[in-house]
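K.L.:
What follows is a predicted protein model with its sequence.
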Amino acid sequence: KYFNNVINALNSGIRNLITSEKLPYQSHEIEISTSIKEIKKSDISSISIYRIKSILHESVNGNIVNVEFFEVAGTYKLGTTYYGGKLIILYAPSVRLLTNDDPDTLELDTLGLTPLVCGYLTYFVKAELYEKVEPSEAELSRKYANQYLAALDQEVTLPTQKKVRQVISLD
């Protein structure tokens with residue numbers, strides 16, 4: 001019974017990681033060859049995005065600024081029009097769920113699951129499988145899983161404004 005339910009328990013753990021955004025953030029760069037004021041989801045469909053954390057603009061001279069954006073009907077509208085340079089999208093990835101057809105030799109790091117994430121999944125699955133037959137063992141495993149989950153917190157440093165220019169005067 002345990003082996004029959006491993007895939008379901010793994011997928012529950014993966015869903016938990018995705019929705020709590022504990023998988024390592026990834027980035028995607030878009031070179032700007034013409035002016036750009038929006039990004040369509042269909043243009044970035046090659047990457048599995050759960051949620052965009054931030055979008056940055058790196059100008060041709062290397063300045064990086066945070067881009068204001070919002071999502072409307074499958075399109076990310078940017079706060080202004082950008083010319084040249086590149087856009088850097090920092091996002092929480094989505095990982096495909098496992099199936100019974102996956103080979104036993106499937107390397108989980110090919111799905112974007114790091115060893116720390118796999119450590120979490122090991123204890124999470126054990127807690128799920130033992131929950132009804134050995135509650136004390138399940139509780140201990142859940143405690144270890146939560147420790148791994150806490151270790152997966154991510155720090156992201158976004159650019160901050162360093163120079164301010166006076167646009168109007170109140171004289």
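P.N.:
Everything's here; your move. Residues are numbered from 1 along each chain as shown.
K.L.:
Not counting its neighbours along the chain, what's nearest Gly84?
P.N.:
Leaving aside its chain neighbours, Gly84 sits nearest to Val60 (5.0 Å; criterion: C-beta to C-beta, 6 or more residues apart in numbering). C-beta coordinates here come from the backbone N, C-alpha and C atoms, glycine included.
K.L.:
Kindly report the same for Leu111.
P.N.:
Val95 (5.1 Å).
K.L.:
Go ahead and confirm that neighbour touches Lys22.
P.N.:
No: between Val95 and Lys22 there is no contact under C-beta atoms under 8 Å: 11.1 Å.
K.L.:
Tell me the confidence at the residue nearest to Gly84?
P.N.:
Looking at Val60, its pLDDT is 89.
K.L.:
That one should be in a helix, yeah?
P.N.:
No: assigned with DSSP: H, G, I helix; E, B strand; the rest coil, Val60 falls outside any helix and is coil.
K.L.:
What count of nearby residues applies to it?
P.N.:
If you count neighbours by other C-beta atoms under 10 Å, Val60 ends up with 10.
K.L.:
Then Leu98?
P.N.:
Leu98, neighbours per other C-beta under 10 Å, totals 16.
K.L.:
what does Glu139 give?
P.N.:
Counted with other C-beta under 10 Å, residues neighbouring Glu139 total 12.
K.L.:
Name the helix or strand for it, please.
P.N.:
helix 135-151 (DSSP states H and E).
K.L.:
quick one: the strands in the protein?
P.N.:
Using DSSP state E, the strands of the chain run over residues 26-31, 36-40, 49-58, 64-67, 69-72, 75-82, 86-93.
K.L.:
any chance of the ones you listed in JSON lines, plus distance to Ala138?
P.N.:
Formatted as JSON lines, the strands of the chain follow (distance: least, C-beta to C-beta, whole Å):
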{"stretch": "strand 26-31", "distance to Ala138": "32"}
{"stretch": "strand 36-40", "distance to Ala138": "44"}
{"stretch": "strand 49-58", "distance to Ala138": "28"}
{"stretch": "strand 64-67", "distance to Ala138": "44"}
{"stretch": "strand 69-72", "distance to Ala138": "39"}
{"stretch": "strand 75-82", "distance to Ala138": "42"}
{"stretch": "strand 86-93", "distance to Ala138": "28"}
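K.L.:
could I get these as a markdown table with mean neighbour count?
P.N.:
Listed next are those as a markdown table, based on neighbours: other C-beta atoms under 10 Å:
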| stretch | mean neighbour count |
| --- | --- |
| strand 26-31 | 13 |
| strand 36-40 | 14 |
| strand 49-58 | 17 |
| strand 64-67 | 16 |
| strand 69-72 | 12 |
| strand 75-82 | 14 |
| strand 86-93 | 18 |
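K.L.:
Much appreciated, bye for now.
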